[in-house]
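*Asks:* Return a 3D structure for these sequence lines:
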Amino acid sequence: MHTLLRCLLPVIFLCSAQLLRAQNYPVQLSVQLLPPFSGYLPDYTVAASEQLRAFVVFNDFSVASYNIKLKFSLQGQGITMQSPSWYFMGPVNVQPGVPVLLSGSDLAPLISVNNLQFTGITPQQYNQQKVLPEGLYTICITAYDFANPVPIQVSNEACLQVWMGINDPPLLNFPLCESEVNIITPQNITFSWTPLNMNGPTSQQGTEYDFELYEVRPANNPPGNVLLTQAPIYTITTSQTMIMYGIAEPPLIPGMEYVWRVRARDGDGRPLFRNNGWSQYCTFTWGNSLSVLGNLAALQLTAQAQGARQALAQWDSLSVYASYRLQFRKQNTANWFPQTTNTRTARVNGLEPQTTYEAQVVGILPNGNEGPVSNTVLFTTAAVPVFVCGQTSLAPNMQGFQPLTQATTGMIWQVGQFEMSVLSLANNANSTGFYTGTGRIVMPMGISVGCTFNGIQIGQDFKMYSGEVRAMSEGIGNWLQGWVSTQFQYDTSIIVNCIIDSVYTNAAGQVVVLCENGSTQIIPVDPEGGILIVDPNGNQWVVNENGATYVNNGTILPFSTDPLTPQELDIMKRAMTIIRNEYTNTVVNQKQQSLQLSQQQAQARTQQQKNAFGSASTTPNNSDDQITALDFIWITPANDTGNTVGKSFKAAQVDYLSARILIEIAAADASDEDLAVVGNYLPINNTPFRIFVAQQTQAGRTPQQIAADVAEQGIKPFIQRTVTQQLDKR
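*Replies:* Numbers count the residues shown, from 1 in each chain. A predicted model of the protein is given here:
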C-alpha cells in the first residue's frame, strides 16, 4: 500500500501542476506601456496620459458583475518595487464580456511610491532622483478576488519588459557647426536646438536650457580646451529651444571664431540626461573681416638693421587681427623664416653680418585665417666691428634700455667688443634681463673661448649692459681641436706602420694604402664620414666619404683616445712643466708690451705711407661696447706687411698669441685624458709623439731629455705654426 502511494504521488503532483498551468482564469488581464519610457512611475499617472494602460476582460457569464483588486511589481537591475502583501488596489468592477481600460491616472494608487515596497533602492532615493538606473525591467499586474480576504488569484499575471533609459542632450541646429555666419547689421543671430528628452510623458515639462557662448582665443585653440579654460562671454537660461542674440548682447567680432553649447536640466533636479545634460559643442565664424576691410586689411611694414645680427620691424596694427606673422629671408632665396607675435613690432635675431634680407608681415584673424601679405622691405645688416689692440670703450648707454625678458640657447649676444654664443642658461626668463650660464666667444682669427657669466644684464638689442663674462679653462684636447683648421672632415683616424707612398679606393670601395716598401694595407673601415691616415713620418692622407683621396700637409689632428703608457704620460707631464716654467705671467706681459709697441710702429708706418701718397685716412670701426672679464688683446693686422716693420709686427703677434695658448694647454690641472689627447695628436719633427718617445728611449736618452725635445721641437712649434696659419688666412 505504501509502495503504491509513493509511486502515485509524483504522478498526482505532475497532473496538478499541468492543471494549474492550463487553468483558465475568469479574468484576462494585459498591460501596455507605450514608449518613450520614463524611469519614474508617477510620470505615468498624469491625467489623460495613455502611455501606461491595463486591459481587463471578465469571461464568467454566470454572474452579472464582479469586483477585482490589483497588485503591481517592477523588477530589474537589482531593484524590486512591488505591492506589499497587505495592499491591493480596488475594487475594480467588471462585467461579463465588457472590456475595461484602466489608464495611468486610474492606476495611480497602484504605482504610488507610498503603496510600494522597495528592494535595492530606498523610497527616499527614488523620490529624490526620480529616475531608475538605465536598463531592462519587467512590469507585472495581477488581479485578485476583491471580496475574499485570502489572496485568491483570478487572472493571469500580465507582464511586459521595457528598457528604462535616460535622455540624450539637446541637438544643436543653428548656426551650423564650422560654418561662417554672414554679418547682419544690426547684430542678429538665432541659436536653436532640438530637445531629445522624450523618455516620459512629462519629460519636456519643466526642462530648462543653459546656453553658453565663448570666443576662441587664441586662434586655433581647440574648442574643448576653450570650454575648460575660459569663461563664456554670454550665458542665459531659458525654457525655450531657441534664443535671439541681438544688439543687447555682447557684440560679436568680425572674423572671430566662436564655440557654443546648450545644457538641458530637469526643473526638479532629476539626473535625466546623459553627459550631465551638455550637448556637443559647435563652432562658427562671425563673418569675414577681410571682405569688410578690403584693401585696408593690408599692413604697411618698415624694417631697419640694428647692427650686424639684428633687425627691428614695425607695422601698423588692425584690431581685427589677433596676431601677426613676420617672415624674413636672405634676398633672392626661396625659404621664408617666420616668427609670430601679438604686437606690432618684432626683433629679428641671429642674422648674418653684411647680408641683405627681405621681410613681409601678415595679419592673422582670430579664426586662424590670414590677411593679405604686406609690402616687402629690404634691409642690410652691418659688418662685424674690427677691433684694434688695447682699445677700451664705454659701456652701452642705458637710456631707452629695454630688458631681454626671454632667452634661449643659441642666441648671439654682443659682450663688449666680442660676440658670445649662448651655450646654456640657468634661467630662460627674467623681467629685468639678468641671466646666468655659459657661452663661447669667437675671437679674431677664429679662435673660440669658453666662458661663464653670472647675472649679466642683456637688452632686447642683445647687448650686455652690465655684469661680467669670464674666460673658462678648457681641456687641452678641446684647445687643440679648436686651433686646428682644415677643409677636411673625418670620423676615424688610423696610423699605419709603414711610410705611405699613395692611397686610393679600389673598385670594391675599399681604402688601399700603398707603402714605399711595396707592400699594401687594406683599411678595414667604411669611409663614410671620412678617414684620416697617418704614417710614422707624420705624412697624412684624407679619404672623403665619397672615396676621393687627398694629400695633407700634416696639420690635421688625428683622432684617438688611447691612453698613454705610464712612461709616455710622465714625459708629457715633464714637457708641460717645462713650458709652464718658461711662460710665466711676467713673460706673457712682456710679450704683450712688445706687441703693443710693434703695433704702434706698424700704424705709424701705415700713416706715413698714406701721407706720402696723399690718400685719405681711414679709421677702424670702433665699438661702443666694452668687455671687462676677458683680458685678451687682439690685433687688426697691419696692411703694410711687405717691409721690416710689418714683418716685425706679425712676428710679435705670433709670439704673444702662442704664449697665451701655451699657458692654457700647459695648465697644472690638466687631466691625464687631456694629456693623452695631446700625445695622440702631437708630431715631433714629423714623428708621432708615441713613436718619438719609443725611438728616443731606445737610443738611451733620459725622460727629462726627451721631454725637453717634446716641448721645444713638438708642442711650441706646433702652436706657433698653427697661429701663423690662422694669421695668414686673415
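*Asks:* Show me where the stretch 51-200 of the chain has its helices.
*Replies:* Applying DSSP state H, counting those that start in this stretch to the stretch 51-200 of the chain gives helices spanning 108-111, 123-129.
*Asks:* Pull out the buried positions in the helix ranked longest in the chain.
*Replies:* For the chain, the helix with the greatest residue count under DSSP state H is helix 585-613. For helix 585-613, burial by neighbour count (16 or more other Cβ atoms under 10 Å) applies to V588, K591, Q592, L595, Q596, S598, Q599, Q601, A602, Q603, R605, T606. Where C-beta positions appear, they are placed from N, C-alpha and C, glycine not excepted.
*Asks:* which one in the residues you listed is the model shakiest on?
*Replies:* Minimum pLDDT for those is recorded at T606 (65).
*Asks:* ok, back up a step: so which of the helices of the stretch 51-200 of the chain has the densest surroundings on average?
*Replies:* The highest average neighbour count among the helices of the stretch 51-200 of the chain, using mean count of other Cβ atoms under 10 Å, belongs to helix 108-111 at a mean of 20.
*Asks:* re the thing from before, quick check: which of the helices of the stretch 51-200 of the chain is nearest to S85?
*Replies:* helix 108-111 (14.7 Å; Cβ to Cβ).
*Asks:* what's the closest one packed up against?
*Replies:* strand 66-76 (3 or more Cβ pairs under 8 Å, 6 or more residues apart in numbering; DSSP states H and E).
*Asks:* pretty sure Q406 is touching A429, no?
*Replies:* Yes: taking contacts as Cβ atoms under 8 Å, Q406 lies within contact range of A429: 5.4 Å.
*Asks:* quick one, phi psi at S671?
*Replies:* Per-residue torsions, S671: phi -80, psi 160 (degrees, to the nearest 10).
*Asks:* Can you tell me how far it is from P563?
*Replies:* Per Cβ to Cβ, to the nearest Å, S671 is found 11 Å from P563.
*Asks:* you'd agree Y25 is up against E157?
*Replies:* No: look at Y25 against E157 with Cβ under 8 Å: they stay out of range, at 9.8 Å.
*Asks:* Show me the helices in the protein, by range?
*Replies:* 2-21, 108-111, 123-129, 223-229, 289-293, 476-483, 566-582, 585-613, 644-665, 672-681, 689-698, 703-709, 716-729.
*Asks:* could you dump the ones you listed to JSON lines with distance to N335?
*Replies:* Below are these laid out as JSON lines (distance: least, Cβ to Cβ, whole Å):
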{"stretch": "helix 2-21", "distance to N335": "88"}
{"stretch": "helix 108-111", "distance to N335": "76"}
{"stretch": "helix 123-129", "distance to N335": "63"}
{"stretch": "helix 223-229", "distance to N335": "31"}
{"stretch": "helix 289-293", "distance to N335": "26"}
{"stretch": "helix 476-483", "distance to N335": "31"}
{"stretch": "helix 566-582", "distance to N335": "49"}
{"stretch": "helix 585-613", "distance to N335": "44"}
{"stretch": "helix 644-665", "distance to N335": "39"}
{"stretch": "helix 672-681", "distance to N335": "39"}
{"stretch": "helix 689-698", "distance to N335": "47"}
{"stretch": "helix 703-709", "distance to N335": "55"}
{"stretch": "helix 716-729", "distance to N335": "31"}
